[in-house]
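1. need coordinates for the below:
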Amino acid sequence: MKNNKVRSKKREYDTYSITMELEKPLLYEEEQEEIYKRQKNIKRKSRNKKIVKLILTLLLCSVIGFFIWLSSYYAPTSQAESYLKSTNSVEVSIDNNFICFTPTNTTPKKGFILYPAAKVDAKAYSQICSMIAAKGYKVVAVDMPFNYPLFGKNKADEVIEKYSDIESWVIGGDSLGGFVATRYVNSNISKIDGVVLISSYPLDSYLKEINMNVLSIWGSKDGVINFQSLIDAKQKLPNKTTYTEIEGANHSQFGDYGTYKSDEQALINADAQKQKTVDSILQFLGNIN
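-> As a prediction, this is how the structure comes out:
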């Protein structure tokens with residue numbers, strides 16, 4: 001009887017031991033698989049973090065680079081500065097938003113809003129603004145955020161609201177400023193009676209669709225504008241558009257800020273170029289009813 005109990009216990013023990021031994025490989029494989037999954041998740045999370053860090057770093061560098069690019073701009077020359085002072089014929093007022101030129105010998109009823117070229121300080125256009133104002137028009141050169149017109153498309157609203165005594169407004173711009181001016185007209189047709197494009201052109205046919213009064217001015221030695229695009233843009237402008245090519249004029253001499261990048265050397269002097277520009281704009285303004 002005693003021997004049977006011993007044998008029974010031994011068999012039970014042996015069976016249990018054998019079962020455990022058989023289960024060991026299975027338990028080991030499951031444990032290894034779990035470890036592998038954890039390691040894989042850790043690697044994936046680590047890789048995702050690196051990707052996110054890389055994207056954020058690139059984005060930050062792009063933003064910093066963009067603002068560094070914006071911070072460098074074309075400042076007005078001493079020639080431009082000399083036209084920022086009031087004279088017997090033109091009163092000049094300057095605030096944080098724009099520079100206003102008002103004739104002193106008459107009460108103007110027509111006004112001209114000028115958007116500057118990309119990265120050009122609005123004060124650089126003080127000479128042509130003063131010359132136009134001296135002939136009886138209120139002229140406002142608009143300062144743009146970071147000197148970039150795309151950031152201030154609706155700046156004309158501030159001008160029109162402040163000088164509500166003006167009955168008729170013409171808007172224009174140099175280079176990118178001209179393009180942005182056309183975008184303003186697209187959503188403010190009731191406020192504008194004419195558009196002046198200086199070394200500029202629209203990308204759509206909206207001005208043609210509304211039969212807007214348009215003056216297009218450019219120089220034959222402009223090294224910045226795409227002449228093929230300028231030619232193609234004629235199909236997008238009204239048939240009554242006035243075109244003025246200034247022989248020997250370049251891109252930079254419409255203002256006083258130095259030489260615009262990639263521009264060509266002008267064959268006429270800056271004063272002559274500005275005078276021809278002003279003459280064209282004055283004739284255009286005079287024809288606005």
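2. what helix or strand does Ser229 sit in?
-> helix 227-232 (DSSP states H and E).
3. outside of that helix itself, list whatever touches it.
-> With contact meaning Cβ atoms under 8 Å, 6 or more residues apart in numbering, helix 227-232 is reached by Tyr201, Trp218. Just so you know, the C-beta spots here come from the backbone N, C-alpha and C atoms, and that holds for glycine as well.
4. now whatever helix or strand Thr277 lives in: average pLDDT?
-> Per DSSP H and E: Thr277 is located in helix 270-286. If you average the pLDDT over helix 270-286, you get 98.
5. can you name the element that comes right after the least confident helix or strand in the chain by mean pLDDT?
-> Taking mean pLDDT, DSSP states H and E as the measure, the chain has helix 2-71 as its least confident helix or strand, at a mean of 65. Next helix or strand after helix 2-71 toward the C-terminus (DSSP H and E): helix 78-81.
6. may I see the buried residues of that next one?
-> Buried residues in helix 78-81, counted by 16 or more other Cβ atoms under 10 Å: Ala80.
7. against which helices or strands is that helix packed?
-> helix 126-133 (3 or more Cβ pairs under 8 Å, 6 or more residues apart in numbering; DSSP states H and E).
8. helices along the stretch 151-289 of the chain, start to end?
-> For the stretch 151-289 of the chain, the helices defined by DSSP state H, counting those that start in this stretch cover 155-162, 176-187, 206-209, 227-232, 270-286.
9. now distance to Thr77 and mean neighbour count too, for the ones you listed, in a markdown table please.
-> Shown next, in a markdown table, are the helices of the stretch 151-289 of the chain (distance: least, Cβ to Cβ, whole Å; neighbours: other Cβ atoms under 10 Å):
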| stretch | distance to Thr77 | mean neighbour count |
| --- | --- | --- |
| helix 155-162 | 23 | 17 |
| helix 176-187 | 18 | 22 |
| helix 206-209 | 32 | 17 |
| helix 227-232 | 27 | 11 |
| helix 270-286 | 10 | 18 |
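10. and the angle from the helix holding Thr277 to helix 126-133?
-> Put simply, helix 270-286 runs at 40 degrees to helix 126-133, going by axes from the mean of the first three to the mean of the last three Cα atoms, to 10 degrees.
11. what's helix 270-286 in contact with?
-> 79, 110, 112, 127-128, 131-132, 135, 137, 170, 172, 194, 196, 198, 213, 215, 217, 219, 242, 244, 246, 248-250, 253-254, 256, 266.
12. near Trp218, how many other residues are there?
-> 23 (other Cβ atoms under 10 Å).
13. show the pLDDT at it.
-> 98.
14. my read: it touches Val196, true?
-> No. The criterion here is Cβ atoms under 8 Å, and Trp218 misses it with Val196 at 11.7 Å.
15. can you tell me the centre-most residue of the chain?
-> The centre of the chain sits closest to Leu150, judged by Cα atoms, centre = their mean, with a distance of 3.2 Å.
16. and the pLDDT for it?
-> 95.
17. my guess is it contacts Leu176, does it?
-> Yes. Applying Cβ under 8 Å, one finds Leu150 in contact with Leu176, separated by 7.2 Å.
18. tell me the domain boundaries of the chain?
-> Taking automatic domain parsing as the reference, the chain has its domains at 1-72, 78-286.
19. pick the most deeply packed of these.
-> domain 78-286 (a mean of 19; mean count of other Cβ atoms under 10 Å).
20. show the pLDDT at the nearest residue to Ala181 once chain neighbours are set aside.
-> Computed as Cβ to Cβ, 6 or more residues apart in numbering, the closest residue to Ala181 that is not its neighbour in sequence is Gly173, at 4.1 Å. In this prediction, Gly173 carries a pLDDT score of 98.
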